[in-house]
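Chemist: just coords:
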């Protein structure tokens, strides 16, 4: 079992930056690929970024590529999402997840409670 707790969301203006954190506890954190997803009101949950163990290979959605950076600190059992040049369309609840990996929510079976990110224009 893995427990995930996100933090770092908030209200910012367009062009600003935020860093989301996801603290993990429970089973071996480093064993699982980790991901970030987001869900805006009335929309499906969508993939943002993922990172796998070992080499730390990262994958990003096209909409955030070049602006967002996912990283993990296995010693601190924490995953991060650095978000730069934020846009109003980035507004959503952001969730961290752990599981088998990939860009589908079905690939993850552990989820945090979510943290709200709101970007004003």
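Modeler: In hand now; what should we look at? None of these values were measured; they are calculated from a predicted model.

Chemist: which residue lies nearest the spatial centre of this structure?
Modeler: The centroid of the chain falls nearest to residue 36 when counting by CA atoms, centre = their mean (2.5 Å).

Chemist: buried residues in the helix or strand that one falls within?
Modeler: Assigned by DSSP states H and E, residue 36 falls within strand 34-39. Neighbour counts over strand 34-39 (16 or more other CB atoms under 10 Å) mark 34, 35, 36, 37, 38 as buried. C-beta coordinates here come from the backbone N, C-alpha and C atoms, glycine included.

Chemist: out of the residues you listed, flag the one nearest to residue 14.
Modeler: Nearest to residue 14, judged by CB to CB, of those is residue 38 at 16.5 Å.

Chemist: thought that closest one was touching residue 48?
Modeler: Yes: using CB atoms under 8 Å, residue 38 makes contact with residue 48 at a distance of 5.4 Å.

Chemist: pull the contacting residues for residue 6.
Modeler: Each residue near residue 6 by CB atoms under 8 Å, 6 or more residues apart in numbering is listed here: 20, 21, 22, 94, 95, 96, 112, 113, 114, 115.

Chemist: okay, it and residue 57: tell me how far apart.
Modeler: 22 Å (CB to CB, to the nearest Å).

Chemist: which residues touch stretch 96-107?
Modeler: Under CB under 8 Å, 6+ apart, the answer for stretch 96-107 is 2, 4, 6, 20, 22, 24, 29, 32-37, 45, 47, 50, 52, 59, 61, 79, 81, 108-112.

Chemist: follow-up on the earlier one: which residue is the nearest non-sequential neighbour of the residue nearest to the centre of the chain?
Modeler: Of all residues not flanking residue 36 in the chain, residue 48 sits nearest, at 4.2 Å (CB to CB, 6 or more residues apart in numbering).

Chemist: which of the helices or strands spans the one you found?
Modeler: strand 46-51.

Chemist: low-scoring stretches of the protein, by residue?
Modeler: The model of the chain has pLDDT under 70 over residues 27-30, 54-55.

Chemist: show me where it has its strands.
Modeler: Counting by DSSP state E, the chain has strands at residues 2-7, 10-13, 18-26, 34-39, 46-51, 58-60, 68-73, 78-83, 92-99, 108-111, 115-120.
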